[in-house]
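got a sequence here, can you build the structure:
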Amino acid sequence: MSTRLALVVVAAAVALIACRKTPLGGDDAAAPSEAGRDAGERPWPSDAPPSDACEIHEDCSVVVWDGPQPPDPCCDQRVGYQAMSRAFLAFMADYRKRSCAGATCPPAPLPGAEPACCASIGRCVARRCVTACNDPSAETPKVSVLDGQCRAFRSRPVQTEPCERDAGAIPKEYAGGASSPGFARLTRCCASLRRHAATLEYAAPFEMKEWAASCEGMAAGVSNACAPTKLSELRQRLRGKGIPDCQFP
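Numbers count the residues shown, from 1 in each chain. Next up, the predicted model:
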């Protein structure tokens, strides 16, 4: 190719680029998807619900080892055993289906030592998802999370009381939820009922377990600023039994 012809070709290419409305790679180029971005560039969704908001125990679940946490919405982070809202987990699962197809994530670290059973059970306390280790009303087996007793405990139904938040319906001793003296008294009674269920000293085991379940459901409600709606019924059942820590004023 002669020098003159080469100069003509170069000039034509320059003119073609100059005539474009936007530069190469500008606004008319396809925007990268979330999956196509580097992990550090993927923004956390602004409309994601709180990860721990709840009203009842059933609103909570426990994520084991790895789960959705900032900063990267497409890749799990190491969280251990962490209680999270089911609504948050459902939102993140849907978000990832829509926005994270093809995203690459680093390999997960090896799991650590398995914790106690209480770490695997989600509870709602003061309208926040926590593990049962942080719920005084939860009497969980003192065994490993892998133990059969723990699996049986997780599968049992939890009684959830209806929530009445009218200030006039909440006795003064129970105002303040999980920080109230009434809550502390109630959780001590729940634990005592579980502890003495097999002794046959105060009532038949099935009765003690039934009372304990009712007590725990009520304590969960009180922790979430609900009125103890079945307190008078529990008092009536326990009256004259002499069960330790279950004397209500």
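
which SS class is the closest residue to residue 228 other than its chain neighbours?
Closest residue in space to residue 228, ignoring its immediate chain neighbours: residue 218 at 5.0 Å, by CB to CB, 6 or more residues apart in numbering. C-beta: built from backbone N, CA, C; applies to glycine. Secondary structure, DSSP: H, G, I helix; E, B strand; the rest coil: residue 218 is helix.

contacts only, for residue 147.
By CB atoms under 8 Å, 6 or more residues apart in numbering, the contact set of residue 147 is 117, 141.

give me the number of residues near residue 47?
Residue 47: 6 surrounding residues under other CB atoms under 10 Å.

and if you look at the one 4 residues further on?
Residues near residue 51, counting by other CB under 10 Å, number 22.

just residue 154 next, same as before
By other CB under 10 Å, the burial measure for residue 154, its neighbour count, is 17.

tell me which element it is part of?
Assessed by DSSP states H and E, residue 154 sits inside helix 148-155.

how about the strands in this protein?
60-68, 76-85, 122-125, 128-131 (DSSP state E).

ranking these by burial, who's on top?
strand 122-125 (a mean of 26; mean count of other CB atoms under 10 Å).

which secondary structure elements does it contact?
For strand 122-125, the elements it packs on are strand 60-68, strand 76-85, strand 128-131, helix 205-223, judged by 3 or more CB pairs under 8 Å, 6 or more residues apart in numbering; DSSP states H and E.

neighbouring strands of that strand in the sheet, and parallel or not?
Strand 122-125 pairs in its sheet with strand 128-131 (antiparallel), by DSSP bridges.

CA atoms of the strand it pairs with as CSV?
Taking Å, rounded to 0.1, in the frame of the first residue of the first chain, the C-alpha atoms of strand 128-131 are listed here in CSV:
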residue,chain,number,x,y,z
ARG,A,128,-36.1,-8.6,65.9
CYS,A,129,-35.1,-12.0,64.6
VAL,A,130,-32.6,-13.6,67.0
THR,A,131,-31.5,-17.1,67.7
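
for it, give me every contacting residue.
51-54, 59-62, 81-85, 118-124.

check stretch 222-239 too.
Stretch 222-239 is touched from outside by 54-56, 124-127, 135, 137, 161-166, 169-171, 174, 177-178, 180, 182-183, 186, 189, 211, 214-215, 218, 221, 246, 248, with contacts defined as CB under 8 Å, 6+ apart.

chain center to it, what's the gap?
Put simply, stretch 222-239 sits 26 Å off its chain's centre (CA atoms, centre = their mean, to the nearest Å).

can you get me the start-to-end distance on that stretch?
Stretch 222-239 stretches 21 Å from its first residue to its last (CA to CA, to the nearest Å).

so for it, mean pLDDT?
Average pLDDT, stretch 222-239: 87.

all helices for the protein, in order.
Applying DSSP state H to the chain gives helices spanning 3-18, 86-99, 148-155, 181-195, 205-223, 231-238.

as a markdown table, the ones you listed with distance to residue 45 would be great.
Formatted as a markdown table, the helices of the chain follow (distance: least, CB to CB, whole Å):
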| stretch | distance to residue 45 |
| --- | --- |
| helix 3-18 | 38 |
| helix 86-99 | 6 |
| helix 148-155 | 30 |
| helix 181-195 | 35 |
| helix 205-223 | 30 |
| helix 231-238 | 42 |
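
so which of those helices gets nearest residue 41?
Smallest distance to residue 41 across the helices of the chain (CB to CB): 13.0 Å, for helix 86-99.
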